[in-house]
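Novice: Sequence below, structure please.
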Amino acid sequence: MQNKFSLYNFLSREHDVQWPRISLYMPTNRVQPDNQQDPIAFKNLLQEAEKQLVDNDAYPRRHWQQAMDRLKAMHEDDAFWPYTTEGLAVLAVGDEVEVFKLFYAPPAQVHVGQHFHLLPLLGLFERLDAAYLVDISRDRFAAYRVNRYSMEPVQPGDVKASFPELFRDFDPNADLNVGTYSGLVGTHHGHRAKPEEIEKDREKYFRYLDDAFAGIHKEEGLPFILAGTTENIAAYRAIAKGSFYTEGAIDQPLHSLDEPQILAHVRDILTPLYEDALDKVSNRVRQARQDGKAETVLGQMLAMAREGRVAELVADMAQPDGQQTRLDKIIDALLQTGAELTVLRDSADVMKGDAIAILRY
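Specialist: Okay, the predicted model is just below:
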């Protein structure tokens, strides 16, 4: 997912309650020629959304025309479509559109109503199956957004990609001295290349990266996987304060591996994190049932959500017909109270039923 911060920031903005919320989901393709079909599929979703809006007398055209105009402009944006991932989610209301690139392929779907349809954006697997992979050398790094099946190069935030870029006034000859020997004026002898000076520069840069990555993690919640030589990874871990780095690392520079080899390492690192998270969700559900703090009736859930009694909602992404709209309303209420939202792709091993609210009291 693009990131949790941008989703919650978008949802927290003031939007007129009369404006319909438009939620679009579709699978997309990374490579040509398959990705040439993506704009066509998106246009079909737009036509379906517009049909639903026109057919619903509760939504006058003036309440949704701007949103549709923005979505149609997005369809015509040739610069957008070559750079997709496995899936796309688009939320629109009023004159605002928020786009999320997904690391999985959701089924094509259109939802128009008083509440956004957010289940496909809140998947636990989407949160835990994505990470930043950072290839760190002594004075520079390269970053990738990865999941267990794909990777794409990124430049996270405004993080400086190299030590010289960070310290623009850094002069590699700054520690050089000039002396005179045997009548030769201007002979240079320097100390900049000394191991201790190199180590100081590496330390400065690694401290900077750790702080910068901490800011990104705070916004997006994604873990960071380290890659690089064993020496550089060890030096970085000795400095790093963040707890968001995975225990596993790729202890060789990425340029020495091909993409399938890199992704095999990523799978080995991320899979245990997801399995551990599922175990923790299962334990929370089990404990809530034992303590009498579990609710599965949607009508009761909504009232409890509005009262602030729900600590966490655990829901299956695939909901029975007619239940999604009610669950969207519950999720909307829970977003106002800061409840945890955990959506599973297959909840059979975690809970019985389609959704369960874990109560605070």
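
Novice: Flag the shaky bits of the stretch 51-200 of the chain, pLDDT-wise.
Specialist: For the stretch 51-200 of the chain, applying pLDDT under 70 flags the ranges 167-195.

Novice: Check which helices and strands the helix of greatest length in the chain sits against.
Specialist: Ranked by residue count under DSSP state H, the longest helix found in the chain is helix 259-290. Under the contact criterion of 3 or more CB pairs under 8 Å, 6 or more residues apart in numbering; DSSP states H and E, helix 259-290 touches helix 124-128, strand 131-136, strand 141-146, strand 151-154, strand 224-227, strand 310-316, strand 340-344, strand 355-359. Yep, even glycine has a C-beta here, placed from its N, CA and C like the rest.

Novice: again, 6 Å this time
Specialist: Applying 3 or more CB pairs under 6 Å, 6 or more residues apart in numbering; DSSP states H and E, one finds that helix 259-290 contacts helix 124-128.

Novice: just so I have it, where are all the strands in the stretch 51-200 of the chain?
Specialist: Secondary structure of the stretch 51-200 of the chain (DSSP state E, counting those that start in this stretch): strands at 87-93, 96-102, 109-113, 131-136, 141-146, 151-154, 177-181, 184-189.

Novice: Just the CA trace of the first one, in PDB.
Specialist: Same thing as strand 87-93. C-alpha atoms of strand 87-93 as PDB (Å, rounded to 0.1, in the frame of the first residue of the first chain):
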ATOM      1  CA  GLY A  87      -3.100  -3.600  -7.900                       C
ATOM      2  CA  LEU A  88      -4.700  -0.200  -7.700                       C
ATOM      3  CA  ALA A  89      -7.000   1.400  -5.300                       C
ATOM      4  CA  VAL A  90      -8.600   4.800  -5.900                       C
ATOM      5  CA  LEU A  91     -10.700   6.800  -3.400                       C
ATOM      6  CA  ALA A  92     -12.600   9.900  -4.600                       C
ATOM      7  CA  VAL A  93     -14.900  12.400  -3.000                       C
END
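
Novice: Mind listing residues that contact it?
Specialist: Applying CB atoms under 6 Å, 6 or more residues apart in numbering, the external contacts of strand 87-93 come out as 15, 19, 21-28, 67, 71, 98-100, 102, 104-106, 116, 121.

Novice: Make a ChimeraX selection of whichever of those residues turn out to be buried.
Specialist: Applying 16 or more other CB atoms under 10 Å to the contacts of strand 87-93 leaves a buried subset, and the ChimeraX line that selects it is:
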select :19,21,22,23,24,25,26,27,28,67,71,98,100,102,104,106,116,121
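
Novice: List the ones among the contacts of strand 87-93 that fall in helices.
Specialist: 67, 71.

Novice: What is the burial count for the residue lying closest to residue 37 once chain neighbours are set aside?
Specialist: Take residue 37 and drop its neighbours on the chain: the residue closest to it by CB to CB, 6 or more residues apart in numbering is residue 29, 7.0 Å away. Residues near residue 29, counting by other CB atoms under 10 Å, number 17.

Novice: Residue 36 is in contact with residue 29, correct?
Specialist: No. Assessed by CB atoms under 6 Å, residue 29 is found out of contact with residue 36, at 8.4 Å.

Novice: burial of residue 84, as a residue count?
Specialist: 18.

Novice: gap between it and residue 68?
Specialist: Counting by CB to CB, to the nearest Å, the separation of residue 84 from residue 68 is 21 Å.

Novice: Domain-wise, how is the chain divided?
Specialist: Domain assignment of the chain by automatic domain parsing yields the ranges 1-121, 129-275, 291-361.

Novice: starting at the chain centroid, how far to the second one?
Specialist: Read it as domain 129-275. Mean-position distance between domain 129-275 and its chain equals 21 Å (CA atoms, centre = their mean, to the nearest Å).

Novice: distance between the ends of that domain?
Specialist: End-to-end distance for domain 129-275: 11 Å, by CA to CA, to the nearest Å.

Novice: now do stretch 245-254
Specialist: Counting by CA to CA, you get 17 Å between the two ends of stretch 245-254.

Novice: Pull out the buried residues from stretch 326-338.
Specialist: For stretch 326-338, by 16+ other CB under 10 Å, it's 326-335.

Novice: Could I get the average pLDDT for it?
Specialist: For stretch 326-338, mean pLDDT rounds to 92.

Novice: now swap in stretch 242-254 and tell me
Specialist: Across stretch 242-254, pLDDT averages out at 94.

Novice: and if you look at stretch 261-272?
Specialist: Per-residue pLDDT values over stretch 261-272 give a mean of 94.

Novice: what's next to that stretch, contact-wise?
Specialist: Applying CB under 6 Å, 6+ apart, the contact partners of stretch 261-272 are 146, 148, 225, 246, 248, 250.

Novice: So which of those is surrounded by the most neighbours?
Specialist: residue 146 (25 neighbours).
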